[in-house]
Every structure is written in structure tokens, then in C-alpha cells.
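**Student:** I'll drop the sequence and a predicted model, then ask my questions.
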Amino acid sequence: MTFKREHKAGLAALALALAAGAFAGAGPAFAQAAAEAAPAAAPVPNKGDTAWMLVSAILVLAMTIPGLALFYGGLVRTKNMLSVLTQVFSIVCVVTLIWVIYGYSLSFTGTGAFIGGFSKAFLAGITGDSTTDTFTKGVVIPEFVFICFQMTFACITPALIVGSFAERIKFSALLLFTVLWVTFVYFPMAHMVWFSEGFLFKMGALDFAGGTVVHINAGMAGLVGALMLGKRTGYGKEPMPPHSMTMTMIGASLLWVGWFGFNAGSNLEANGGAALAMLNTFVATAAAGMAWQFTEWGTKGHPSLLGTVSGAVAGLVAVTPAAGLIGPMGSIILGIIAGVICFYASTSVKNALGYDDSLDVFGIHCIGGIIGSLLTGILVAPALGGVGVAGYTMGGQLWTQFVAVVVALVWSGIGSAILYKVVDVVIGLRISVEGEREGLDLADHGERAYNF
Amino acid sequence: MTFKREHKAGLAALALALAAGAFAGAGPAFAQAAAEAAPAAAPVPNKGDTAWMLVSAILVLAMTIPGLALFYGGLVRTKNMLSVLTQVFSIVCVVTLIWVIYGYSLSFTGTGAFIGGFSKAFLAGITGDSTTDTFTKGVVIPEFVFICFQMTFACITPALIVGSFAERIKFSALLLFTVLWVTFVYFPMAHMVWFSEGFLFKMGALDFAGGTVVHINAGMAGLVGALMLGKRTGYGKEPMPPHSMTMTMIGASLLWVGWFGFNAGSNLEANGGAALAMLNTFVATAAAGMAWQFTEWGTKGHPSLLGTVSGAVAGLVAVTPAAGLIGPMGSIILGIIAGVICFYASTSVKNALGYDDSLDVFGIHCIGGIIGSLLTGILVAPALGGVGVAGYTMGGQLWTQFVAVVVALVWSGIGSAILYKVVDVVIGLRISVEGEREGLDLADHGERAYNF
Amino acid sequence: MTFKREHKAGLAALALALAAGAFAGAGPAFAQAAAEAAPAAAPVPNKGDTAWMLVSAILVLAMTIPGLALFYGGLVRTKNMLSVLTQVFSIVCVVTLIWVIYGYSLSFTGTGAFIGGFSKAFLAGITGDSTTDTFTKGVVIPEFVFICFQMTFACITPALIVGSFAERIKFSALLLFTVLWVTFVYFPMAHMVWFSEGFLFKMGALDFAGGTVVHINAGMAGLVGALMLGKRTGYGKEPMPPHSMTMTMIGASLLWVGWFGFNAGSNLEANGGAALAMLNTFVATAAAGMAWQFTEWGTKGHPSLLGTVSGAVAGLVAVTPAAGLIGPMGSIILGIIAGVICFYASTSVKNALGYDDSLDVFGIHCIGGIIGSLLTGILVAPALGGVGVAGYTMGGQLWTQFVAVVVALVWSGIGSAILYKVVDVVIGLRISVEGEREGLDLADHGERAYNF
Amino acid sequence: MKFVVAIIKPFKLEEVRDALTAIGVNGLTVTEVKGYGRQKGHTEIYRGAEYAVSFLPKLKIEVAVAADIADKVVDAIVGAARTGQIGDGKIFVSSIEKAVRIRTGETDADAL
Amino acid sequence: MKFVVAIIKPFKLEEVRDALTAIGVNGLTVTEVKGYGRQKGHTEIYRGAEYAVSFLPKLKIEVAVAADIADKVVDAIVGAARTGQIGDGKIFVSSIEKAVRIRTGETDADAL
Amino acid sequence: MKFVVAIIKPFKLEEVRDALTAIGVNGLTVTEVKGYGRQKGHTEIYRGAEYAVSFLPKLKIEVAVAADIADKVVDAIVGAARTGQIGDGKIFVSSIEKAVRIRTGETDADAL
Ligand SMILES: Nc1ncnc2c1ncn2[C@@H]1O[C@H](COP(=O)(O)OP(=O)(O)O)[C@@H](O)[C@H]1O
Ligand SMILES: Nc1ncnc2c1ncn2[C@@H]1O[C@H](COP(=O)(O)OP(=O)(O)O)[C@@H](O)[C@H]1O
Ligand SMILES: Nc1ncnc2c1ncn2[C@@H]1O[C@H](COP(=O)(O)OP(=O)(O)O)[C@@H](O)[C@H]1O
């Protein structure tokens, strides 16, 4: 007897387990018994989980294009709008291809502590029946859907960096940097934190949906990029107001909407845990949005839209590592802290230090990611409403979280610096000053975003 | 034996039931027997239902931000665009927080006929394993996902009101009004209609997805708001054309897309009932869109985009209370009636009465909601293709629907009037005339929507 | 014993099967036995499948409105933006109504080789418990969700044609043409290819998600439309740059996002097959986007955003017939080929032939559809990573694919030509030259897209 | 003939147009402009960046008229556009030597 | 030197530019304007509100030329911009006293 | 009084405004325009269609000043707007006969 399709296999496995149970005798213990009595049957995906993971992958794509592209695009000047859109869209395309060729394999195979191997390069050996384990023993999802889901993470992370050097990077340089960065910075980070052999995973670092891998990683690369590319021509002299807060608001909203795929999807199952991650993603975001708004209102006199949505994004970032691990009230606290600190990081601190991180990738993603990663170590405590982890001590967990944060900062900081340098030497990072004046849209892409 | 995760509990419960059945003897009756034989096992959520409800909550958020924000924002003048976006986004944040703090508890606990209690304030006692009953006996969903889903309803309802006093309300007044309104008007209404102890629920009023709670409620509050704030400066003298029909069309489309979460999600299960609600939401909307378009074409000479999308929204509103209860052909009738009546309500009637309901919250949401609520009482009849309700008589049901409509109108009308007055006394409702001329974007938020 | 709700029926069926199996004796063969021993129990939908199909229908709507509307709208001049939005939105409304009245019945009933019957007109006899078979024996989904899903396909297909005669067609003509075209061209094509009695279905033509039915069909109708309506006034003399590449980029992104509903939804189940279709839809699109970008960069000097997103759409089109049938590496090849060929088709070839297909419906949808349909016949080969089909020979399958392509081209070409002619005679296809100069927005709809 | 150029507050357009048609002026041309003057602008804040916006939205009205009614035109504009608050705008009058109606080729007074 | 200001229909821009370059005019400046005149506007309806839109989109072309070719310039514009239908626009000619090319500081005829 | 019209590169606005306020000019009006001249445009490609875009974004600054400072104003603009590269723009000076401040009715020099 062979099963060609997994749903049949599913029925069979269930039947097998139950039948075995039936014969093992009735009683509350028999399900346990059944599980033990049927070791040979490979688990098959639950279609509810599969449906949810398909949706989650789609949501993360939507949060990138058009979400992130619009969030960033709205904040640049009209003449650079199209360049930001092209950059984000192209990053998604390029990383998608790299991911299936070798990225997935480097991230999720092997026995290395820092990087995987090439055994699944070109997705070798993976079929529609292959499965990936979830966090629950015996529960699996189709490997293809896991590949898609993780692919969208690999796509959005380098796209986040775009904000830091927007309005001045050369398109060809961006493409080359992206290829190098995902290969040498992102895949190793993903492997370290999320793969069972990775050293931060083994250390017990908690990162539910990507605080270190995605946000600290991208935020730090952004800061280095802003420093190495230098300021935009005219920065601090000419006004550079966002050309369309409408687009930025659409983008922020889609980020929120899509982030449920990111955070609740990271639960890998459609159950109460995903619902908790969703709820936390709601409330932390709301709390951070209002925290930034009120702080700005109090200190600058106006409750701004840009502040409100920036706060919301800071909240989304901060709750990312914590989403399925802490309680809703902890998420409110987390959100408020992230909203206030990221506000100062993106305004006073940035101005004081004087770097030109065009769209505050560092102030929001890196700082927000650090806040989230550290507070996850605290708020995961059952006493604080968290779900708890085995053998938890607050000090111990906090230390582990701290180590993970430092590793992410250092790995991304040094790795990115080297790669920027390489790209600069090979093809040059910055567009010419004339190109910058004319706008990257015409200079690099030969098109204009608007012809009203 | 303990089960830590619900999916395991699920398997076990299933196994228990089946095994019991097996021993009770083979035959068509044993499933029944099994159900009776296993009273102790708590039902566990089906992951397909959970996946669907996670998605539904996300869809309702998307229909609010960016959906509703764009639908409304496109209709105001450029100088007020950003204010509308900020208002809608902030309402979502504020109500999200209130919801988890006490809103959910006030709406969905207790034994009161009009309002719940504080037993679940701060979501006390709720975990990832808590469940909420669906409309099918023995079928549950995780309580967290129900909280998220209902939260999005609480968020969108006050956001709907924004349209009525857009372009003139002070931002601080809006925030205060929102806090008061959800507390004193929305939560009680939700409790009365949707909670098993609520008096309209007990009366048998049918409101599948929120015709009374959401649309009549918001629409009536809108009318009162338009009256109490007074007309926009220049209303009837200066032209006030929509600044971007493109944004309005995007918003209307996202409303439609997201409304499937609203209506089909209100089925709480991913089954044929949800599919029926979805189908009805398709056809009523399409019928109403074309009905408004053709009526306008016939009477005004042009088939306008604004008319078409307004009709579609009117159809969405009208089908909301009816979605899972009537048949597809009934939905077409319902849509046509809503499209035509709302067209006249938002044009001739509004002009005749002379109030300045900026974006026709009353004409579309309140009138559409009334049409839908009443017609639900008729079209639910199996003879008319509806699914029927126990002990149905058309006259009786219609009377019940009528009572629910009147209660919603009165509750919202009086409650809102009092709250507007309170806000006006405390901080003032309207922005200064200069602020209105300059535009709320600069006056209230210190930003501009566009810098092309 | 009666079951009122399908989930109960589901449990019962499962129980029945398992119990029968239990009594048939333990062992790996009993599931098989169970299936045979329980012929009477009608299969009930899995809720995971239902959830996924509900989502898929929503996604296809979102890819049409606002997706396709924005993709097209951004490419026309400001003065015609609103007309494109109105056209797409209205097509969705009109076809939705036709679909439930007779479209579904004509497409998916009967015994005819070319067209169905009227047995399900007005959705006669269909209830929430009715089901539709999937591609897996014994697995069904609620018929209502299948109706919704297929309805969105019927809606988007005529909307695709809009791009070919944009900026010059009369709105009333468009509506009439749409009604005629879906009736006489689309429903028959859908019946031929997708219904079990259809002649191309029986021939074994592979079209996973609509390469022939949707894209070749619409693309050919577009070419005929562009030829029969003639060029836009000023074509080739006045510049006609896209008025908003921002909108086009949003549209392209939403097309990609929504296309997962289109392609992975066409699997009808939430399993590894859907995941494969999703993965292919990711990589083919990415490959085609970059292929067009690099080809343009190499030949025209700039990597344009319009080129990148056009390539992505070409990839989406090409992978449509292949999505669940080929492997990821095959999809990359497919995407590259589609990106390069469609680039030349939409630029050099179009310019050489001189027709004015405003938004390249032919060059992208028809050509991309042909590439996809033919290559599906090759790449489905297990040796090339495909899933294989029973009795496959490459030559034989390619021939079958070729026949299907030719049938689609001829059916759509001749049918559309006749229908354009009919509409032209009855009410005239083109707007007046003055109307064209003023813009269709004012001339036809009495509104403007923007009032900044 | 005279060429009257007026910079006004945007919301005064309809009133100015009405005042001009009331005295028989049947054509004019309007441009959106940004004005800098005594009227103070505002500050816009986008995250860390504060911009003092000193250019304010104004409308420029251009109207060519026969020399003899130029003063009446100026008075009409002043009357309709005045709010009494800073930033009401300016009117500049200069001469034109020739006017042509493109459609007919008529010139000067006939062209207006 | 003369300053020629022409209000034309938007879709005539390319033709006018070509006509001017044909007679040796190598520079001009274009502004999007809204025109009010004999040409009737249209009505826009947004739900219950009807607006009579009487300002129509036009382009304003400004070109400074040596005095001796001013008439030729006017004729060229008239020739290229005429459709014969109402709303074709106007041309106004006035004098300028000085012209400067910013790049070089050249003045008057050399600056054009 | 003189009317100074300058066409400049957009990014030079702040510098020109500063140069003018430095010499006591307290008001001016700015318009977004498109310029055609010696400065070459660029080509935009949208799928199969290539457009030679020869109109480039410029700003037009209009400032009315007392006749005696007109030359100083011109010099200030030239000084601030010059980059030395083609396309820096032009300045045209003409006369105005009358200026009125709408708010007060003040005329001529008092109105500026
Ligand atoms: N010298 C000038 N030349 C040209 N335009 C000017 C001049 N001075 C003022 N304006 C225009 O007139 C507008 C109003 O001037 P402002 O000084 O603010 O107020 P007021 O007109 O009340 O004196 C300015 O915004 C500007 O557009
Ligand atoms: N007196 C005027 N001063 C300035 N511009 C004018 C004047 N009269 C007309 N115009 C401009 O010329 C355009 C065309 O004028 P109109 O009277 O409609 O048609 P025509 O040029 O055929 O007589 C108007 O839209 C307006 O921009
Ligand atoms: N004859 C003219 N009349 C009006 N505007 C002109 C004229 N010539 C040039 N301009 C304006 O000046 C701008 C700069 O002119 P251009 O010839 O490109 O460079 P330059 O000023 O360095 O000679 C043009 O874009 C146009 O706006």
C-alpha cells in the first residue's frame, strides 16, 4: 500500500493511531499509548496549519511589496520615489532566486554552529510531501510552505536596509550589496538563531519572529551604510520633507497587516499560540504608536501622523522577538517603552550624532529590535504573564538575550562594513552629485514616478 | 496524563469519542452515542477554523487601515487628507488598547442585559488554551482569536464616524470622543446584540455581522456629530471636490476585500456557512454598486466612479446583518434596494435637509444598516432562499428587527449627543476657522500630506 | 439520524470510516478497506481546505480591485485614470452578477463539450452543504466557495482586456462588450478546459490555473480590440507617459500577492501541492522580473521599474498554467524565458507591427500565456522536476498543449472580433475625439481622478 | 491695454472672479504659486527634521484689460480679496502692447 | 526686447514649440495654468454636490525675444495653436528692458 | 517700479531667497515652471515608447522692486543662482506702473 498524497497519509496515520489505541484498551491513557504504538507513521501536515502558513507567507510578501516600499517611498522626495520602489521590488526578486538556489540550504541544513551546508541547494530532494517540524512534537507543515515563509523573511530583511541610504545609492551597487549581504550576513544569522544546530539557538536565545535576525541585523547594517555612504547632498540645508505621507501611511498600515504573517505565522501552527502572537502584535503596536504620538505631542507640540506610524512600526519591531512568548499586558508595556525610546533615538539622538540615516532604519529597527530582544527575556516570565520557558531564570535569560543582541550587532556591523567596502571598490556605492540632484529616478532608472 | 497544547487535546478528544463509539457498536447511530458518552472532554479548536479566524481579523484591520482611511481620505480636500489618515489610524490604536483593558470584558462577560462586567478586564485568566464557542455546538475557537476578531470590529466602528465631521473636528476632541463613545455606546450595543445575555440577543434579533452594532450605531452617531459640529466653513459656497478619487477607489476596494473577514468571518467557522456569507457579500455589493451607478446615470447623466463605489459600500453595509442568513438571490434584491435608497439618501435627501455629513456616514451606513437589518427579517425566510431560524414568522421577525433598529438608533443618538456635548464643554469640538482654512493637516498635525 | 451541519457530518464520516477499519482488522491495509467499506458517506470538506479557498477567492478579488485597476491606471494619463478604475470596478460588479445568474451554470454543468447548461442557473439547488470535488478523490470543498473562487476568475479575465483599448473606449460600450464576451467567449472556454466534460479537459490539456482560459483568452481579445478600436488620438506623436508609476508598482505588487490565490488556490486544497504552486509563483515571477530588467538594462541602458514589474507580471502569467505541475528550478527557466520574450513582444515587436495595445495586454498576457502553456507540457516531465501526468510523453503533451493554445487563440480571436463589431454597430465603441482629448474621466464619468 | 497681476489668498478665488465678471471682465488666467512675504509661515516636523516653511500657497490672477478700466479692475480685486489680515497679497499693473485672440486672430481690445 | 505670453490649449504645446524653434527661438518657459473665459467649463458631480467647473486647464508659454521678431513669434504661435474652436487662447506682448543669462552674465540679446 | 522675473534651477531657491532678503527685498512669488532651452533634457522609456523630455523643471521667481534697486536685485539673483553650468536660467526686467497692497490699499513703493 502506498500513499501518493499526504492528506491520504494523514487519514491513514490518524486511523492507525486510533485503531491501535482502540485495541490497546479504552481509557484516558490510550492516546498516549497510540502515539507510542505507531512510531513508523510519518506525521502529515494538518491542512489548517498549511492554510495558515500559506497565508502567512503571502502576508509577509505584502508587507514588503507594496508595504515597506510605500512606507519608505512616501518619505523620500518625489524625484527619488521610483528608485526606492525599484530597489525594494528588485531585492525581493533577487533574494527569492538566491533563496531557492542556496539560501535555504545555507540557513536550514547542516551541523555547523554558524552556517549550514549545500545539501539542499537548488532545493534538491524536496517534494510536495516533504515536511518541516513545527515547535510541537509530531506536528509538521509542508516543507515547501516553510521554504516560502522563510523566503519572505530573507527578502524583507535587506529591503529594510534600503531606508538608511535612500536617495543616494547607485542601483547596481544596491543589487551587488544585497547579494553579498544575504549570503554573508543574513543566512548565517538565520542559521545561528533559528536552526536547531545554530549556536544561539542552542544557547537558548529567544527570538520568536526575528528580532535579532531581521531587525537588529538590518538596523545595524543600515547604520553602517548611512555612515559609509555619507550624508545626502544638501542634508541639513535643503528641506527634504516626505513627498507623500499618504503613501507612508498606506505602507505603515500594510506593514501592520502583513506583520501578523510575520509574527503569528512564526508560530507555524494555527492555534492558540498563533492567536496570542497576533494579539500581542496588535496591542504592542497600538501602544507604541500612541506612546510616540503623545511623546511628540508633549515635546514638539503636534501629534503627527509620521510620528504615530513610526511608533507603530517601532512597536511591531519590538514585539517581533516576543510575540508568542509574552502576555498581552506585557506587550503593552513593551510597546510603550519601544515607542518612547525609538522616538528619542530617531530624533534627538540621531540629530546629536549627526549621521544621515535617511529613514531611521537604525533608530527604529535596530533600537526597537534591541528593546524587544532584551525585554523578551524579562516578559517571558510566567509571573509577568509570559508563557515561560523550561529552566527559566530572569538573569540567565536576560544574559542569553544580551549575548544574542551583541552577536547580531557585531556580526552585522563588521560584516556589512566589509561588504560596503567591497562594493565601493568594485563599482562604487554612491551616485554622482548631479544624479542625486536630478533624482535617482531619472538618473538611474530613466523614469519618473509621476507625470500628473 | 496532561495535554499541554490544544492540538494534542484535540486528537485525544477525537480519539476518545471515536473509540467510545467503536465499543458502543458499529452503525450509523454511534457518533451520536459517542458525543453523549464523552461529556468530560473539552472541545478543542479545529485548526482550519482558527486559520480562518486569524485571517478574518487581519482582513478587518486591513479594511480599516488603510482601507477606510483611504476611502475617506480621498474624499476630503488635500489640506485635510493627513488629518483623516491620522484620525483613523489613531482610533485603531486607542480602541485596541481599551479593548484589551476593559472593552472585551464589558462586551462579552457578565449577566447584564445591557452591559457586561469587569471579570475579564486586562484579559484576566485568558490563555492560549481558552476557547470561545461558535454557533455550532461543540465547535470552539481560541478565545484569543475571538478577542482579536471582535477587537477589529470595535476599532472600525468609531472610525466610521470620522467621515461625518471630517475636515473640522479637533484631533484631541476626536480622541476623547472615541474613548467615551466606545465605552458608553459601542460596548453596550455589542453586549446587547451579540452576547448571550444581551437583551436584543435574547429577543432573537438577527444581526449576523453587525448591521445594528456597527453600521446603524456609527451612522447615527455620525448624523448627530454632523449636526452638533455644524457645517464646514464654506460649505455650499466653495467647491469641495474629493482630492483623490484614486485613493477613494483603493479604499473602497479594500473595504470590499476586508469585508469578507467581517461577514464571512462572523460565521466563526470555515465551512459552507462562511462560504455562503462570502458569496452574499460578493453579490449584494455588486448589485448595489451597479444599482447606484445606473440610478445616477439615469438621473444625473453620468455613471460616476464615486457613485459606483458608494453603492458598493452601501451594499456591503446592507448585507452585513444578513450575510450568513439569506440566499444569493435575496442578496441581489437586498443590494439593489440598498443601492437605490442610499443614493437618494446621500444626495437628494441630504441636500433637502441641509446637514453637512461630510462623507455621508448617515446616508450610507445608517440607512444601509437599517435596510439590511429589516430585510434580513424578511429574506431569512427559507421560502425566499434564506437559511431560516427556529420558530420563524415573518411578521414576528420583522418586528424584532424593527425593535433592534430602534434601540440602536435611540441608544446611539442620545448617547452620542451627550458625549459630543461633554467633549465640547471639556475641550471644544471644532478647530478654529483659521485652522479649517489652512487645513487640519498643518493646523493640527504640523505636517502636509503631499510635497510633490 | 440526520446531520444538520457539515462539520458534524465530517466527524461522523471519519468515525464511520475508522470504525469500519477497526473492525476490518488492524494493519496497514485497513484505511484502504475503510474507504471501500463506506460508500454511502458523502465526503465533507476539510476546514483547512475551506479556509484556504475562502482566502484564495479574496486574494483574486484583491488582485483585481485594487490590484489590476492600479497597475493599469498608473500607466494611463491623469485624465483617463478614473475611467480605468471605473471600468475595472464595474466589470467586477457586472460579471459577479452574471456569474451567479447563469455564468457558473454555463461553465460548470452539463454534458456538452463546448458549453454547459442552465441547470444551476440562479444557483438553483445549491446550499451551504453542497460540495465540489477537488483533484483528490474523496476530498471536497463547499460548492459555494468554489463558486466564489471561480467567480473571481470570471471577473478578472475581461478586466485584463481593458488595458488594450484604455484611453479611448466608451464606458457603455465596455459594459455591453463585457456582458457579451463573458457569455460567448469566457464561459465556453472555462467549460472546455476546466469542466470534466469539456473537450480540452478530456483531451488532457494542462492548464493549472488559467493560462489558456484567462491569459491567452484575454490577451487575444485585447489584440483584436486594439486593432478594431484603432490607435489613440495622438499616438506616436504626443508623449503618453504613465501618470503614476507609484500606482503601477502598487498594482503589480498586489497582482503578485493576489496571484497566490489564483495559482495556489487552484490546487483547491491546502497541502504540499498548494505550497509547490506558491513556490513556483514566487520564483517564476522573480526570475521574469529580473530577466526583463536585465534585458532592458543591457539594451536600453536603464533598469526601469516599469520593466521590472512588467517582467514580474509576465512571469506570473507564464507560471499560471504550470504552477502546481512543474518544479521550482523549471519555474526559474520558465520565468527567464517569459521575461525576455515578453520584453521583446511588448517593445520591438509591437513597435514594428504598429498596433496601439495601450498597456500591452497582448504582449504580456497572450504571449506569456502561450509560453507558459507550451512549456508546461515540457516542464511537467518528472525528469525535469515536474510532478508528471499519467501516460506522459513530451511530444504528445506538447501537441495537446499546442492544440489548446490554438483553440484559445481562434475562439477568442474570432469571438471577440464579432462581439466588438456588434457593440460598435449598436452603440459605438469609441468615444469622440473631443472626449478623448478632454479625457475619459470628465467626458464619460463627469469626475476627475485628482483635485490636488 | 493693461496687464493686471494679482497675488491673492487661494480661498478668495471665487469672490474675485465674481467681482471681475460683475464689472465686465470675461477672461482671466490663474496660476498656483507660492508666496514669501511678511506673512509668517509655519514649521513642519518630520521625525527629527524641522522645516521652517516660509512659502505659502497663493494664487496668481492675470487679467489683460483695456487701459480705461484698469483702475476699476484693481479696485474690484482689492474689494473682493481683502480679509484685512496679513498676507492678503499684492496687485501689480503694467502695460501690454498687443493682444491677440488665437482662434480668430483679432487683436487688442477685440481680443480680450 | 519683447516678452510674449501665450495662453494655449495643453495638447498644442509640442506644435507651438516646434513652430518657435523653426523660426529660431531657442528658449521658452511653460507654466500650467487654469483659464476662465468664453469657453464653457463642465459640471462635476460628487454624490450630492454639483460643481460648475469654469476654470479649464491651459498652458502659459513665456518667451523673451528680440523686438524685431516679436511679430513673427506671435504669428508662429497663432499658426500652431489655432484649432478654430473656442478656448484656443490669447497672446499678450509687452516690453522688457533687460535680460540676463545667469550662467554667463551676458545681457539683452546675447542672453536670449 | 521694476518687475524682475528670474528662471532658476529649483535647488537654488533658498539661496536666492536669502540673497534677496540680504539686500532688503521682503517679498517674492515663486512658480513651478518647465523650461526649454540650450540645456538638454533626457530620454524616458516606458516599455516600447521612448520620450525625449526637453522641458526641465525650473522655478520662476517674480519680485517687484523699486526701480533704483533693480540692478542690485538682478546681481543678487545672478550671484546666488549661478552654478556656471548650462541651464542656470534667465532674468527679465520690465516696468510696472502701479503696485497695490490688497490688505491696506497702500500703493507703489509702500505696497512692496
Ligand atoms: N515684492 C514682491 N514681489 C512679488 N510678490 C510679492 C512681493 N511682496 C509680496 N509678494 C507676494 O504677496 C504675498 C503677500 O505678501 P505679504 O508681505 O505676506 O503680505 P501683505 O500682502 O499683507 O503685505 C506674498 O506671499 C508674495 O506672494
Ligand atoms: N482678459 C484676459 N486676461 C488674461 N487671460 C485671459 C483673458 N481672457 C481670456 N484669457 C485666457 O484665455 C483663455 C481662452 O479664452 P476664451 O475666452 O475661453 O476663448 P478664446 O480665446 O477662444 O476667446 C482663457 O481660458 C484664459 O486663460
Ligand atoms: N527666450 C526665452 N524666453 C523665456 N524663457 C527662456 C528663454 N530662454 C531660456 N529660457 C528659460 O531659461 C532656462 C534656461 O535656459 P537654457 O538655454 O537652458 O540655459 P542658459 O540659461 O544657461 O542659457 C530655460 O529652461 C527656460 O526656462
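**Tutor:** The structure has been received and is ready for your questions. Numbering: from 1, shown residues only, chains lettered A, B, ... in the order given. Ligands and ions are numbered 1, 2, ... in the order given.

**Student:** okay, now residue 81: neighbour count?
**Tutor:** In the absence of a named chain, this looks at chain A. 32 (other CB atoms under 10 Å in any protein chain shown). Quick note: C-beta positions are derived from backbone N, CA and C, even for glycine.

**Student:** wrong chain, I was asking about chain D
**Tutor:** 23.

**Student:** what does residue A:354 give?
**Tutor:** Neighbours around residue A:354, by other CB under 10 Å: 9.

**Student:** Quick check: the gap between it and residue B:137.
**Tutor:** Distance of residue A:354 to residue B:137, computed by CB to CB, to the nearest Å: 66 Å.

**Student:** give the contact list for residue A:43.
**Tutor:** A:13, A:131, A:138-140 (CB atoms under 8 Å, 6 or more residues apart in numbering or on different chains).

**Student:** those strands in chain D, which residues are they?
**Tutor:** D:2-8, D:28-36, D:42-46, D:49-53, D:56-65, D:90-95, D:98-101 (DSSP state E).

**Student:** pull the longest helix from chain A.
**Tutor:** helix A:394-426 (DSSP state H).

**Student:** Point out the other elements, helices or strands, that it touches.
**Tutor:** Contacts defined by 3 or more CB pairs under 8 Å, 6 or more residues apart in numbering or on different chains; DSSP states H and E place helix A:394-426 against helix A:171-181, helix A:187-194, helix A:199-203, helix A:217-229, helix A:367-379.

**Student:** how far out from the middle of the chain is stretch A:122-138?
**Tutor:** Distance of stretch A:122-138 from its chain centroid, counting by CA atoms, centre = their mean, to the nearest Å, is 21 Å.

**Student:** One more: stretch A:77-91?
**Tutor:** 20 Å.

**Student:** How about it and chain C, any contact?
**Tutor:** Yes. Contact of stretch A:77-91 with chain C (CB under 8 Å from any CB of the partner chain) involves A:81-82, A:85-86, A:89-90.

**Student:** which residue sits closest to residue A:78 in space, ignoring its chain neighbours?
**Tutor:** Leaving aside its sequence neighbours, residue A:78 sits nearest to residue A:243 (CB to CB, 6 or more residues apart in numbering or on different chains; 4.3 Å).

**Student:** wouldn't the one you found be in contact with residue B:450 here?
**Tutor:** Yes. Residue A:243 is in contact with residue B:450 according to CB atoms under 8 Å; the separation is 6.9 Å.

**Student:** for the spatially closest residue to residue A:401 that is not a sequence neighbour, what are its contacts?
**Tutor:** Leaving aside its chain neighbours, residue A:401 sits nearest to residue A:377 (3.8 Å; criterion: CB to CB, 6+ apart). For residue A:377, the contact set (CB under 8 Å, 6+ apart) comprises A:206, A:394, A:397-398, A:400-402.

**Student:** could I get these as CSV with neighbour count and pLDDT?
**Tutor:** Output for those, formatted as CSV (neighbours: other CB atoms under 10 Å in any protein chain shown; pLDDT from 0 to 100):
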residue, neighbour count, pLDDT
A:206, 25, 96
A:394, 14, 95
A:397, 21, 97
A:398, 16, 97
A:400, 16, 97
A:401, 28, 97
A:402, 15, 98
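
**Student:** Identify the single longest helix in chain D, thanks.
**Tutor:** Chain D, longest helix under DSSP H: helix D:70-81.

**Student:** just checking, what packs against it?
**Tutor:** strand D:2-8, helix D:13-22, strand D:56-65, strand D:90-95, strand F:98-101.

**Student:** and the next helix or strand after the longest helix of chain A, anywhere near chain F?
**Tutor:** Remark: after helix A:394-426, the chain's next helix or strand is helix A:433-438, criterion DSSP states H and E. Yes. Residues of helix A:433-438 contacting chain F under CB under 8 Å from any CB: residue A:437.

**Student:** can you tell if helix A:433-438 touches chain C?
**Tutor:** No. Helix A:433-438 lies out of reach of chain C by CB under 8 Å from any CB, never closer than 12.1 Å.

**Student:** Can you list the buried residues in that helix?
**Tutor:** A:435-438 (16 or more other CB atoms under 10 Å in any protein chain shown).

**Student:** circling back to that earlier point, tabulate the helices and strands packed on helix A:394-426 in JSON lines, adding columns for mean pLDDT.
**Tutor:** Compiled in JSON lines, those are given as follows (pLDDT from 0 to 100):
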{"stretch": "helix A:171-181", "mean pLDDT": "98"}
{"stretch": "helix A:187-194", "mean pLDDT": "98"}
{"stretch": "helix A:199-203", "mean pLDDT": "95"}
{"stretch": "helix A:217-229", "mean pLDDT": "98"}
{"stretch": "helix A:367-379", "mean pLDDT": "98"}
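
**Student:** Mind putting those into CSV with distance to ligand 2?
**Tutor:** Supplementary listing: the helices and strands packed on helix A:394-426 in CSV, determined by distance: least, CB to the nearest ligand atom, whole Å:
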stretch, distance to ligand 2
helix A:171-181, 42
helix A:187-194, 62
helix A:199-203, 69
helix A:217-229, 47
helix A:367-379, 53
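
**Student:** does stretch D:34-41 come close to chain F?
**Tutor:** Yes. Using CB under 8 Å from any CB, stretch D:34-41 reaches chain F at D:34-38.

**Student:** Can you tell me which of those residues has the most neighbours?
**Tutor:** residue D:35 (24 neighbours).

**Student:** show me what contacts it?
**Tutor:** Counted by CB under 8 Å, 6+ apart, residue D:35 has contacts D:7, D:55-58, D:87, D:89, F:27-30.

**Student:** go again using 6 Å as the cut-off
**Tutor:** D:7, D:56, D:58, F:29 (CB atoms under 6 Å, 6 or more residues apart in numbering or on different chains).

**Student:** Let's see if you can find the most crowded of the residues you listed.
**Tutor:** residue D:58 (27 neighbours).

**Student:** can you tell me how far that residue sits from residue D:7?
**Tutor:** Taken as CB to CB, the span from residue D:58 to residue D:7 is 5 Å.

**Student:** Please apply the same query to residue A:294.
**Tutor:** In terms of CB to CB, residue A:294 sits 40 Å off from residue D:7.

**Student:** thinking again about what came up before, of residue A:243 and residue B:450, give the one with the bigger neighbour count.
**Tutor:** Regarding residue A:243 and residue B:450, a neighbour count based on other CB under 10 Å identifies residue A:243 as having more, with 24 against 21.

**Student:** phi, psi of the more buried one?
**Tutor:** Main-chain dihedrals, residue A:243, degrees, to the nearest 10: phi -80, psi -20.
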